[in-house]
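Undergrad: 3D, please:
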Amino acid sequence: MTLLGRYLGRELSWGVAITLSALVAIAYFVTFAAEMGHIGEEDFTSQTAVLYVLLRMPRIIHEMFPAAVLIGGLFAFGGLASSNELTIMRATGASVLGLLWQLRKIGLLLILVALVNMEWIVPSAERTAKVVKADALHQSIMEFSGDAFWMRDGDYFVRMDHVGHDGVVAGVEWMEIPHAGELRGFSYAERAAHQQGEWTLDQVRITRLEGRGAVSEAVERLVHPSSISGDFVRLASRTPEDLSTFDLFHYARFLERSGIDANQYWHTFWSRIAAPFGLMVMLILTLPFSVTEGRSLSASRRLVMGIFLGIGFYLMNRVLLNTGEIFQFNPVATAFAIPLLFLAVALWMIQRRGL
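TA: So this is what the prediction gives:
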């Protein structure tokens, strides 16, 4: 059984690698074609477009990984079924569930690769891609440091914890520095809104430096003039793709404490939690489908069937997640619904065919 596990794992690895390479290559050229319209604008060159698209690929890999596992598994195991190798394996007494158990190591390895890409590579690559594109097009750039954004507004340096798509800011701090090395005072507001060239601040704590001392006061509401536009402030809005799963959890809780809608971030968080489970479901589905249908389908038909199933899983999952965000569905239910549906189909096939 150990030898069978290694053999099946090797076949699955090759199938997933080839499928993922093909899907990523197609996505690369499609994404590059979409960016060709910017070539020639300011300093945006073809080399910039190539770099920008390369930085977007980790996210593409993350989104396509479950489909690649399903398509690659169907292609690899379907080939074994058509050559009667799976039949011989089962004749030795190995059930489909037993063969799936032998694939546990390669399954854990695939999950590990997906987690490393999702948690560390995707957030960093997405932020870098935005900076590369904005810098080449001479667009305003927000400086991101740690867990906040920084910008300059006249004589003030502004630190913002969160900026919503509507321009509402939660946790904003001003430091008045009219000259280098000179700090006149600083203030902090729980919430702020930038409209018509001015800041409207709520729950403000102001500290002024006078001589060798400091004077503090609390103000319910304060209107502060601004030299920047509201569109520039909204550039600091952090998208869920910029954050790791750990940061998503704490960021969503921070938004809730600040009275800001965190529904989009909770849906993304639970979709990240469900991603490894969805990957295992795709792996579980490949063997029973290959055993029951592999011998009767040609390689081209298996490939088409795998593409339909894989893309169907991706589209159904994405549509349900987007619908859940719009209609405020339970994020746990929307994240796990489609993987559980495909798991039920796989278990039904195993039970019905007596595998």
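Undergrad: which residues are contacting the helix or strand hosting Pro339?
TA: Assigned by DSSP states H and E, Pro339 falls within helix 331-352. Helix 331-352 is contacted from outside by 96-97, 263, 266-267, 269-271, 273-274, 277-278, 281-282, 284-285, 288-289, 292, 313, 316-317, 320-321, 323-324, 355, using C-beta atoms under 8 Å, 6 or more residues apart in numbering. To be clear about C-beta, it is placed using only N, CA and C from the backbone, and glycine gets the same treatment.
Undergrad: what about Phe342, neighbour count?
TA: Counted with other C-beta atoms under 10 Å, residues neighbouring Phe342 total 21.
Undergrad: can you offset everything so residue one is 8?
TA: I'll keep to 8 as the first residue from here, and by that count the last item is Phe349.
Undergrad: so where's the stretch 208-357 of the chain uncertain?
TA: Residue ranges of the stretch 208-357 of the chain with pLDDT under 70: 237-239, 241-245, 298-307, 309-310.
Undergrad: do a quick rundown of the strands in it.
TA: 220-232 (DSSP state E, counting those that start in this stretch).
Undergrad: on that earlier part again, give me the buried entries from the contacts of helix 338-359.
TA: Buried subset of these (neighbour count, 16 or more other C-beta atoms under 10 Å): 103, 270, 273-274, 276-278, 280-281, 284-285, 288-289, 291-292, 295-296, 299, 320, 324, 327-328, 331, 362.
Undergrad: put the alpha carbons of the host helix or strand of Val138 into CSV.
TA: Here Val138, judged by DSSP H and E, is contained in helix 129-143. What follows is helix 129-143 as a C-alpha-only set of coordinates in CSV (Å, rounded to 0.1, in the frame of the first residue of the first chain):
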residue,chain,number,x,y,z
VAL,A,129,-0.4,36.7,-2.0
PRO,A,130,-0.7,39.7,0.4
SER,A,131,2.8,40.9,-0.2
ALA,A,132,2.6,40.5,-3.9
GLU,A,133,-0.7,42.3,-4.2
ARG,A,134,0.5,45.3,-2.2
THR,A,135,3.7,45.4,-4.3
ALA,A,136,1.7,45.2,-7.5
LYS,A,137,-0.4,48.2,-6.6
VAL,A,138,2.7,50.2,-5.7
VAL,A,139,4.5,49.3,-9.0
LYS,A,140,1.5,50.3,-11.1
ALA,A,141,0.7,53.5,-9.2
ASP,A,142,4.3,54.6,-9.3
ALA,A,143,4.6,54.0,-13.1
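Undergrad: ok and the helix or strand containing Met158 relative to strand 220-232, angle-wise?
TA: Using DSSP H and E, Met158 sits within strand 155-160. Strand 155-160 runs at 80 degrees relative to strand 220-232, counting by axes from the mean of the first three to the mean of the last three C-alpha atoms, to 10 degrees.
Undergrad: report the beta-bridge partners for Pro232.
TA: Note on Pro232: beta-bridge partners by DSSP bridges are Glu205.
Undergrad: what about the helices in the stretch 108-257 of the chain?
TA: 111-123, 129-143, 237-241, 252-264 (DSSP state H, counting those that start in this stretch).
Undergrad: where does the stretch 8-157 of the chain have low pLDDT?
TA: 8, 103, 146-154.
Undergrad: which parts of it are strands?
TA: Using DSSP E, counting those that start in this stretch, the strands of the stretch 8-157 of the chain run over 150-152, 155-160.
Undergrad: quick one: buried residues of the longest one?
TA: Put plainly, it is strand 155-160. Ala155, Phe156, Trp157, Met158, Asp160.
Undergrad: will you turn those residues into JSON lines that also has distance to Phe315?
TA: Formatted as JSON lines, these follow (distance: C-beta to C-beta, whole Å):
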{"residue": "Ala155", "distance to Phe315": "45"}
{"residue": "Phe156", "distance to Phe315": "43"}
{"residue": "Trp157", "distance to Phe315": "48"}
{"residue": "Met158", "distance to Phe315": "47"}
{"residue": "Asp160", "distance to Phe315": "53"}
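Undergrad: Ala88: which of those residues is nearest?
TA: Comparing those against Ala88 with C-beta to C-beta places Phe156 closest, at 53.9 Å.
Undergrad: in the sheet, who's paired with the closest one?
TA: Phe151, Met167.
Undergrad: once you drop chain neighbours, what's closest to Leu122?
TA: Among residues not flanking Leu122 along the chain, Pro283 sits closest, at 6.7 Å (C-beta to C-beta, 6 or more residues apart in numbering).
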